[in-house]
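J.: only geometry, no sequence info:
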Ligand SMILES: [Zn+2]
C-alpha cells in the first residue's frame, strides 16, 4: 500500500512531490507527538490509593501473620481442607470462569456451574466480571501494545502482574468508561 502511494508520488512534479512528503512527515510527527504525550501522561498517572494499599498491605500481612499464627496455634485438618478447597475453587473460577467462559466464550456452561464460578471469582477478589472481561478483551485486542494493552508485558513482569492496578492509567480508565457507556 505504502509502496503504491510512493510510486504515485514519484510520478508527480517535484514541487508537488516535496509538498506531499512534507505533509506526510507532519502527519507522522503529529502521531509521534501524541504517542509522546500519552507516554508522558502514563508516567504522571495518579496513584490508586485504595487498591494500592490493599495490594501492598495484604501480602506483607500474610507473610508476617501466617507464620506467626501457624507457630502459635494448632490448625485442624478440616481448616486445612477448607483452605485447600478455597484455593482450588477461587483459582479455577478465575481461569475457567472469568477467563475461558466469560472473556473468551470458549464453552457453554449450565447456570449452576456459571454461578459457582462467578461466586468463586468474587471470592478471588479480582473485581467485577464486567471489568475483568472488558480488560481482558482489551488486552487481547492490543496485546503487548505499550499504551493500549492495560497490562502490557512490554512494561515488564511487575507492571503486567501488579503495577497496572496501582495507578489510574488511561488504558484502564478506558475499560471502565467502555463498560459504563
Ligand atoms: Zn485470554
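T.: Thanks, I have the structure now. Because the structure is a prediction, the values reported are computed rather than measured.
J.: got the domain ranges for the chain?
T.: The record assigns the chain these domain ranges, following automatic domain parsing: 1-44, 47-74+127-181, 77-126.
J.: all strands of the protein, in order?
T.: Under the criterion DSSP state E, the chain contains no strands.
J.: go ahead and confirm residue 123 touches residue 91.
T.: No: between residue 123 and residue 91 there is no contact under C-beta atoms under 8 Å: 10.5 Å. In short, each C-beta sits where N, CA and C put it, glycine included.
J.: ok, residue 86 - contacts?
T.: Shown in contact with residue 86 (C-beta atoms under 8 Å, 6 or more residues apart in numbering): residue 123.
J.: for it, give me the pLDDT.
T.: Per-residue confidence (pLDDT) for residue 86: 97.
J.: what is the neighbour count of residue 102?
T.: 21 (other C-beta atoms under 10 Å).
J.: I'd say it and residue 131 touch.
T.: No: judged on C-beta under 8 Å, residue 102 makes no contact with residue 131 at a distance of 11.3 Å.
J.: quick revisit: which of the domains of the chain has the lowest mean pLDDT?
T.: domain 1-44 (a mean of 65).
J.: now the helices for the protein?
T.: 2-10, 14-43, 49-72, 77-92, 111-123, 129-141, 157-158, 164-166, 170-180 (DSSP state H).
J.: just name the most buried of the ones you listed.
T.: Stretch with highest mean neighbour count among the helices of the chain: helix 164-166 (a mean of 20; mean count of other C-beta atoms under 10 Å).
J.: that one - contacts with which helices or strands?
T.: Using 3 or more C-beta pairs under 8 Å, 6 or more residues apart in numbering; DSSP states H and E as the contact test, the elements touching helix 164-166 are helix 49-72.
J.: so how far is the helix it packs on from its chain's centroid?
T.: Helix 49-72 has its C-alpha centroid displaced from the chain centroid by 24 Å (C-alpha atoms, centre = their mean, to the nearest Å).
J.: same thing with stretch 117-131?
T.: Per C-alpha atoms, centre = their mean, the displacement of stretch 117-131 from the mean C-alpha position of its chain is 15 Å.
J.: now the end-to-end length of it.
T.: With C-alpha to C-alpha, to the nearest Å as the measure, stretch 117-131 spans 16 Å from end to end.
J.: again, but for stretch 91-101
T.: Start-to-end, stretch 91-101 (C-alpha to C-alpha) is 14 Å.
J.: next one: that stretch to chain centre, how far?
T.: Taking mean C-alpha positions (C-alpha atoms, centre = their mean), stretch 91-101 and its chain are 16 Å apart.
J.: now do it: everything it contacts.
T.: By C-beta under 8 Å, 6+ apart, the residues outside stretch 91-101 that reach it are 106-107, 109, 114, 116-121, 123-124, 126, 129, 132-133, 136.
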